[in-house]
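Participant: model this:
(one chain, ligands or ions: 1)
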Amino acid sequence: MGNVLERIKTIFDDEGPTERPDTERTTSATLYRCRGCETTYVGTDKEACSSCGESVEEIPSESDLGYGPAGV
Ligand SMILES: [Zn+2]
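Facilitator: Okay, the predicted model is just below:
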């Protein structure tokens, strides 16, 4: 009996580290800003503005900079 419980505990201990959620950064979307009309987009793979067709540039997330969405 005791040995079985010990074995189960070992299995759970092994799985522990792999369950760690270290993907926090990948969940946040990338921010892009249009150079032409200064529209800000939130997406994952944006290259051109949908309004004016100008190329957009990737900008750091607002949370990284320390101010909220109302900062603009
Ligand atoms: Zn634009």
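Participant: who are the neighbours in contact with Ser51?
Facilitator: 34, 37, 39 (Cβ atoms under 8 Å, 6 or more residues apart in numbering). Every residue, glycine included, has its C-beta placed from N, CA and C.
Participant: Residue numbers of this structure in contact with the ion?
Facilitator: For the chain, the residues found near the ion under the criterion Cβ under 5 Å from the ion are 34, 36-37, 49, 51-52, 54.
Participant: Which of those fall in strands?
Facilitator: Cys34 (DSSP state E).
Participant: now the residues of the chain next to the ion in CSV, with pLDDT?
Facilitator: As requested, the residues of the chain next to the ion are exported to CSV (pLDDT from 0 to 100):
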residue, pLDDT
Cys34, 95
Gly36, 94
Cys37, 96
Cys49, 95
Ser51, 93
Cys52, 96
Glu54, 95
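Participant: Buried by neighbour count, from the residues of the chain next to the ion: which ones?
Facilitator: If you count burial by 16 or more other Cβ atoms under 10 Å, the buried members of these come out as 34, 49.
Participant: can you list the residues of the chain next to the ion in TSV and add distance to Arg7?
Facilitator: Converted to TSV, the residues of the chain next to the ion look like this (distance: Cβ to Cβ, whole Å):
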residue	distance to Arg7
Cys34	59
Gly36	64
Cys37	63
Cys49	59
Ser51	61
Cys52	64
Glu54	62
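Participant: if we take the residues of the chain next to the ion, which one ends up nearest to Pro60?
Facilitator: Of all the residues of the chain next to the ion, the one sitting nearest Pro60 is Cys34; the distance, using Cβ to Cβ, is 16.1 Å.
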